[in-house]
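In: test case, fold it:
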Amino acid sequence: MPSRAILPPLTKTFVCALALYLLLVSSARVTLADPRAGGPFVGVWTSGPTTTEAAALDDLGVGWARVFVIWSTIEPSDGEFDWAGLDNSMALAAGNGRRSVLAQVRNNPAWAASNRCSVTSDFERERLATFVGTVAARYPSVVWQLYNEMDNTSVAFDSQYDLGGCFGTLGPDGTPSVDGRVQYALAIEAVGAALRAADPGAQLAAGGVASGNFTETKGLFDRAFLPGVLAQLKGDASLDSLDYVAVHFFSSQAGDYVTAGRDLLGRINQLRMASLAAGLSQNEFKPVIADELSYTSGASGISTTDPTDAFNRGQVAYVPKVLTRAAAANVRAALWFLLQDSASGLGSDNAYGLRDRGGAAKPSYAALRYFAGLIGRADQFVATLDLSSQARSLEGYGFTTAAGSSLQIVWNETDPTFAPILYSPACAAAMVTDAVGSPTPFDRASNALLVNTEPRYIFCAAP
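Out: Residues are numbered from 1 along each chain as shown. Take a look at the predicted model:
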């Protein structure tokens with residue numbers, strides 16, 4: 001893959017000028033949670049957040065929130081800024097220091113780039129870097145993310161669905177080419193330099209890449225986009241420009257990654273194997289943010305709070321499954337897509353939300369709140385449980401609760417009938433609950449429990 005020098009005309013002159021300019025930019029003081037390893041890792045995807053959405057994030061007890069940084073709205077003309085909306089969104093997302101913020105920069109203004117979903121020249125990259133440096137100086141310690149699903153190869157698709165990215169490129173034969181991967185790597189390099197000048201505490205994440213609808217199956221997304229970007233960054237000796245990679249994953253995509261592991265574990269393992277194949281060493285792997293996770297298995301759901309609805313039952317079970325797998329895969333942040341079912345636009349094709357379209361809580365809302373109340377930090381993960389001697393369909397993970405007790409979350413993944421779990425005295429069950437916290441009967445005498453596809457929380461008695 002060709003190697004390009006880092007910001008040929010921009011490196012010293014541009015960064016120094018940017019640093020001087022940023023001294024004149026006032027800072028909107030927003031207190032954020034620490035996004036580093038071991039900290040909060042559960043989040044929820046919102047559109048704002050609005051005041052109502054922020055109240056829900058508080059109630060759920062999550063440690064991450066997401067903000068859209070719409071460049072064309074914030075800087076509609078060169079050097080003219082409208083901060084009011086973003087100031088409010090950042091403050092609500094941060095929740096007075098309760099949450100880390102993932103801020104997605106997207107939607108280029110017409111004066112700065114030839115299209116709204118990518119940058120492809122030194123001039124456009126300089127404008128992008130100046131903008132990101134400016135917002136980073138105003139909101140310190142944010143994790144900044146460049147575009148959304150930038151592995152998309154269609155500008156028209158971005159325009160139609162407001163996707164937020166279109167760096168992917170195709171060759172004459174219709175297969176993905178390296179050009180778009182190189183252009184995105186150069187954007188990472190430019191923005192990374194500007195971020196370091198503006199706020200040494202800022203971090204940079206790549207946009208979330210798709211886990212399906214790839215070009216080889218007549219889709220629009222370049223499967224090799226992110227590994228190609230990482231290879232380009234390494235060839236440019238600029239891997240340090242990037243702090244995180246990001247993926248989107250939905251339960252119906254699990255079958256595409258089953259050879260690498262179960263569900264989200266397979267997706268993360270496949271990404272790491274692709275990084276190795278791209279020339280990175282294990283020490284060069286980037287931490288992963290999963291900024292869109294949701295349940296899409298089976299028929300599309302209808303928006304309802306009915307706890308007996310089949311889709312709702314599957315969704316409530318998937319919440320602890322995907323979050324425990326995220327913890328086991330050492331995912332830095334896992335954000336559920338999305339807070340509320342949508343009637344139109346993004347997310348309207350399924351009942352993704354934790355609340356119905358009217359804002360009423362679905363069973364999955366209670367499931368996420370229950371999980372986050374017990375396991376809010378990544379460093380609470382202890383181990384993947386080896387249950388193979390009891391039943392191959394069993395899957396489970398060990399945690400330490402916020403109160404310091406031992407907790408195991410276990411389910412019977414592939415068999416809808418009940419399978420028994422027998423516990424050693426090392427985990428004599430003191431209490432068992434279902435996915436929303438309701439007590440579940442178990443045999444204390446034999447220390448045994450029957451489980452099916454809905455996870456059970458087993459609280460171990462103190463030794």
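In: helix, strand, or coil at the residue nearest the centre of the chain?
Out: Residue closest to the average C-alpha location in the chain (Cα atoms, centre = their mean): D291, at 1.6 Å. Secondary structure assignment for D291 (DSSP: H, G, I helix; E, B strand; the rest coil): strand.
In: return the distance of it relative to R377.
Out: 18 Å (Cβ to Cβ, to the nearest Å). Placement of C-beta: from N, CA and C, glycine included.
In: show me what contacts the residue nearest to the centre of the chain?
Out: G43, W45, R66, L102, Q145, G208, A246, V247, H248, A333, L335 (Cβ atoms under 8 Å, 6 or more residues apart in numbering).
In: all strands for the stretch 1-150 of the chain, in order.
Out: Listed in chain order, the strands of the stretch 1-150 of the chain (DSSP state E, counting those that start in this stretch) span 42-44, 64-70, 100-106, 143-146.
In: what's in contact with the last one?
Out: For strand 143-146, contacts defined as Cβ under 8 Å, 6+ apart pick out 35, 69, 100-105, 132, 135-136, 184, 187-188, 191, 195, 202-208, 243-244, 246, 289, 291, 333.
In: now whichever helix or strand comes after it: average pLDDT?
Out: Using DSSP states H and E, the helix or strand that follows strand 143-146 towards the C-terminus is helix 155-161. For helix 155-161, mean pLDDT rounds to 94.
In: what does helix 155-161 rub up against?
Out: Outside helix 155-161, the residues that reach it (Cβ under 8 Å, 6+ apart) are N115, R116, C117, S118, N152, L163, G164, G165, C166, L220, L346.
In: nearest residue to the fifth one in space, please, no chain neighbours.
Out: When you say that, I think you mean N152. In space, and not counting its chain neighbours, N152 is closest to C166: 4.9 Å by Cβ to Cβ, 6 or more residues apart in numbering.
In: and the one you found, what is it in contact with?
Out: By Cβ under 8 Å, 6+ apart, the residues touching C166 are N115, C117, S118, M150, N152, T153, S154, V155, F157, D158.
In: tell me the buried residues within these.
Out: Buried subset of the contacts of C166 (neighbour count, 16 or more other Cβ atoms under 10 Å): C117, S118, M150, N152, T153, S154, V155, F157, D158.
In: excluding its backbone neighbours, what's nearest the first one?
Out: Closest residue to C117 apart from its sequence neighbours, by Cβ to Cβ, 6+ apart: C166 at 3.8 Å.
In: state the distance from the one you found to E149.
Out: C166 sits at a distance of 9 Å from E149 (criterion: Cβ to Cβ).
In: and what of D306?
Out: Taking Cβ to Cβ as the measure, D306 falls 32 Å from E149.
In: neighbour count for these two, which is higher?
Out: Higher neighbour count among D306 and E149: E149, with 26 against 13, using other Cβ atoms under 10 Å.
In: hang on, the more buried one packs against A210?
Out: Yes: with contacts counted by Cβ atoms under 8 Å, E149 reaches A210, the gap being 5.4 Å.
In: end to end, how far does stretch 159-166 reach?
Out: Start-to-end span of stretch 159-166 (Cα to Cα, to the nearest Å) is 10 Å.
In: how far away from the center of its chain is that stretch?
Out: With Cα atoms, centre = their mean, to the nearest Å as the basis, stretch 159-166 stands 18 Å off its chain's centre.
In: name the residues of stretch 190-203 that come out as buried.
Out: Buried-residue list, stretch 190-203, by 16+ other Cβ under 10 Å: A190, V191, G192, A193, A194, L195, R196, A197, A198, D199, A202, Q203.
In: narrow those to those in helices?
Out: Judged by DSSP state H, helices contain the following of those: A190, V191, G192, A193, A194, L195, R196, A197, A198.
In: on that earlier part again, let's have the contacts of helix 155-161 in JSON lines, adding distance to S405.
Out: JSON lines is the format used below for these (distance: Cβ to Cβ, whole Å):
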{"residue": "N115", "distance to S405": "53"}
{"residue": "R116", "distance to S405": "50"}
{"residue": "C117", "distance to S405": "48"}
{"residue": "S118", "distance to S405": "49"}
{"residue": "N152", "distance to S405": "45"}
{"residue": "L163", "distance to S405": "44"}
{"residue": "G164", "distance to S405": "42"}
{"residue": "G165", "distance to S405": "43"}
{"residue": "C166", "distance to S405": "48"}
{"residue": "L220", "distance to S405": "47"}
{"residue": "L346", "distance to S405": "40"}
